[in-house]
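Undergrad: One predicted model, sequence on top.
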Amino acid sequence: YYITNNLRMRFLHALLTLLGALNYVTCDTYLHNPRGSNNRLNERNAVRRNANRLFDSQNNNRGGYNTGDAEDDAAGNDAKKQYSMQYYQSGPEAAAESRLILEWTNQHGCGGSEDSSPHKLNCDIVVQYMCQNDVDNSQIEQNDNTNKDVYLRDGTNTATQNFQNPNRGETSTNQNNNNDNNYANRINQNVNNIQMQRGYQESMIWYDMCKYREANGGLFTADQRLNNGNLGYKDASRTRQNPNGQRRGYECPEERDYYPYWYPTLMTQSYDTTHQTTPWIDLAYLTSNTSRCDIIKKGSFNRNGIPRCVVAEGTNARPRTYGKAITEAACKTEGGKWVTFHSYLEILTAENTEAKCNAKAAADKRNKISWMSLRSDETKKWCVVQAPEVDCTSAPWTRVNHNGNSPDSQGNASRYDSVLPYFPSDTKKRCVTRLRYNISTDDYDPFNTDSSQNQDISEGVVSPVEQNPLVDVGAAARPLRLALNTNQYGRTFQDRSHVYRMLPRTGADMAGKIIHNLNVRGKRGNIVQVYPAVEYDFIPNRATISTRDLVHIQWTGSNTHNNQPNGGDGQTGDAGEGKGGTDRSNFLEMQGEIENYPAPFENSTFWSKVKSVTQPSATAKDIAVGLFSSGYFCGDAQSANVCQTANGNTRRLAQGGMNDLLNNAPASYFGHVLKFTGKTTVAYMCSRNNNFSNRSQKGILWVVDPADAAKAQAVRRRRRSTSNEQ
């Protein structure tokens, strides 16, 4: 496993404020809800095809889940047939939360308290998301080349996007038209070479900034030697764990390895008020050392401006406006200006006066909305929505060398109860979530070790850690060698979701209400075949909610989880029911919590207590039929007006009926947002994934009075707090 260390980021220039950023060392971690890709797309093999597709995960090739399919056949090269999970946003009211459980496993342990219950390691977990205005997948499928360098997408093939590196012909110190032309021609070529069929998250321009920007020379690199790039200096694509600057998608290695990062994570040279692609928004920082929360919040881009070097704007405008300098003094030497940029969740272009902006701010109890400039050198003001502060709290406890469960999550895998954002424009968004996992040891001071301790034998400097050192164990014995790789003292592992959508709330029934997202995790196969992914289960599989709350039941699955050879270092095969390689789920009321059979609709008690918020005309039978058929029937045959697919029941009835193992049912189903007419309890199950010995996909939901729901929530929080202390 990887022995790693948190390191303090330190700028060498005296005018910069020390931010205390951490050298991020994240190790084998897998996101299960929402489903993490681990760079998978639609592979039928057990191992992913391209570990460099979108980002640097550094995880096992067997990890991850395929993107969802909308129907009962594989999407293949047709992006319109992919299914993206769709979550309703939170509302502007303080209580109107849309709650989504993030669930993951991390191999090397986490949690504990630095003061009262220290673990054998230190741990930090960072959760972020990026969003933009949504477009229909048909625009992506139709090769909308005007926006191919903007759209977040999963893609339909597993190749990495192309990129041509900066060259010295465009960076000479004598600025001239040849430099500008070389740069502009290369950027145009890079844009032309972007493929709509390939996945896209960070922008091409973001990576170009990274390749042009100087690496932070104040960082600890132990005895590793970072190589110069093709521009003749060490750029931000080169880090201690990536000294040769290997590219993965358009992710910037230095930004991936260090948090909080000292450069604004804007994906464009200037603010984009059309597509509104956000920077990385910090959602949560989960740690074993909460004493550093103030430092983390001050370093987060959510609410704090971050400077960068701006060149060649104004009367002497040139195509490239980003400098390579990372200090104010070096920026001035480069002929640039040191400009502070601000993050945003949205820019409300319709609120184009201070009065309109203030009115919007008064109605929003969730975000910070301000009439402000987005850059320190501009006087033009916008109505800017900034996300809440990063939530800095204790990390769930897990033991070392175990991709397993946490006592803080009551026997489930590590979890964080996230609250989805609210976008005041009421615009549909497409987003991606990113999770990084950090472990560190105390072999040396993790927050006060910098470049002054990088190994330099000629100057008599010996790194506090060295590659595969020989150690003296005394007793006149020969020294022993430790297996120690210094580029893994600060190694970044991560996982990311596939693209999902966030929907604005609609109708009075959603106003001011909590929405609980009830989903399905896992993929086809037994526990050995799917590892390090997991088998099917509902998430949450036990929940207590209020009669005032809403529940959105929804799932996604793939038709290509065949888990074929090559199996890498694990077992192949796709044990399970129904057609090989296919994920299927449904939702049926059980006869009782300890039973193993569903209740017939006529004997059920749950369906009479719910109504559909998203399909108000749906009857109790419509809702039940849609959920037990996984959308094969989107309602009772006599109530086809509730169908959510263009062809509805008519086409599917003509196919000869639903297969009893759901083989011809859709792999994914948007389901219903349900409201409750009174207190009720429902034990629920999936009929297909019901092998008694293992793949038992079941759950229970208690719908109680608001006061009792509040008590249950308080008990849950207290249990987690007590577990952390223990």
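TA: Nice, thanks for sending it over. Treat the numbers as computed from the prediction; the structure is a model and nothing was measured.

Undergrad: so where do the helices sit in this protein?
TA: For the chain, applying DSSP state H gives helices covering 137-141, 177-193, 204-212, 253-257, 293-299, 328-333, 354-363, 527-530, 620-628, 648-654, 706-725.

Undergrad: So what's the model's average confidence on the third one?
TA: Right, the one you point to is helix 204-212. For helix 204-212, the mean pLDDT works out to 97.

Undergrad: mind listing what the closest residue in space to Pro598 that isn't next to it in sequence touches?
TA: Spatial nearest neighbour of Pro598, excluding adjacent residues (C-beta to C-beta, 6 or more residues apart in numbering): Leu588 at 3.9 Å. For every residue, glycine as well, the C-beta is placed using N, CA and C. Contacts for Leu588 (C-beta atoms under 8 Å, 6 or more residues apart in numbering) come out as Pro598, Ala599, Leu627, Phe628, Tyr684, Met685, Cys686, Ser687.

Undergrad: now with 10 Å?
TA: Applying C-beta atoms under 10 Å, 6 or more residues apart in numbering, we find Leu588 in contact with 597-601, 604, 606, 624, 627-628, 682-687, 690, 698.

Undergrad: Which ones among those residues map onto strands?
TA: Val682, Ala683, Tyr684, Met685, Cys686, Ser687, Asn690, Lys698 (DSSP state E).

Undergrad: Model confidence at the residue lying closest to Val682 once chain neighbours are set aside, what's the number?
TA: Leaving out its chain neighbours, the residue that sits closest to Val682 by C-beta to C-beta, 6+ apart is Phe606, at 4.0 Å. Listed pLDDT for Phe606 reads 97.

Undergrad: For Phe606, the count of nearby residues, please.
TA: Applying other C-beta atoms under 10 Å, we find 23 other residues in the vicinity of Phe606.

Undergrad: same thing with Arg62?
TA: 25.

Undergrad: In the sheet, which residues pair with the most centrally placed residue in the chain? Tell me.
TA: Centroid check for the chain by C-alpha atoms, centre = their mean gives Thr433 as the closest residue, at 1.7 Å. Note on Thr433: beta-bridge partners by DSSP bridges are Tyr129.

Undergrad: is it true that it touches Pro34?
TA: Yes - using C-beta atoms under 10 Å, Thr433 makes contact with Pro34 at a distance of 6.2 Å.

Undergrad: which residues are common contacts for the two?
TA: Leu100, Leu102, Ser418, Arg496, Ser497, His498, Tyr500.

Undergrad: was I right about the fifth one contacting Gly36?
TA: In other words, Ser497. Yes - Ser497 lies in contact with Gly36 (C-beta under 10 Å); the separation is 6.1 Å.

Undergrad: who's more crowded, those two?
TA: A direct count of neighbours by other C-beta under 10 Å for Ser497 and Gly36 places Gly36 higher, at 28 against 23.

Undergrad: List the contacts of Thr398.
TA: 105-112, 119, 123, 404-409, 413-414.

Undergrad: which of these are buried?
TA: For the contacts of Thr398, a burial check counting by 16 or more other C-beta atoms under 10 Å picks out 105-112, 119, 123, 405-409, 413-414.

Undergrad: Among those residues, which ones are in strands?
TA: Going by DSSP E, the strands hold Thr105, Asn106, Cys123, Ser414 from these.

Undergrad: Including pLDDT and distance to Thr398, could the residues you listed go into JSON lines?
TA: As requested, those are arranged in JSON lines below (pLDDT from 0 to 100; distance: C-beta to C-beta, whole Å):
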{"residue": "Thr105", "pLDDT": "96", "distance to Thr398": "8"}
{"residue": "Asn106", "pLDDT": "92", "distance to Thr398": "6"}
{"residue": "Cys123", "pLDDT": "85", "distance to Thr398": "9"}
{"residue": "Ser414", "pLDDT": "95", "distance to Thr398": "6"}
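
Undergrad: Adding distance to Arg491, write these out as TSV.
TA: Output for these, formatted as TSV (distance: C-beta to C-beta, whole Å):
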residue	distance to Arg491
Thr105	18
Asn106	13
Cys123	14
Ser414	19
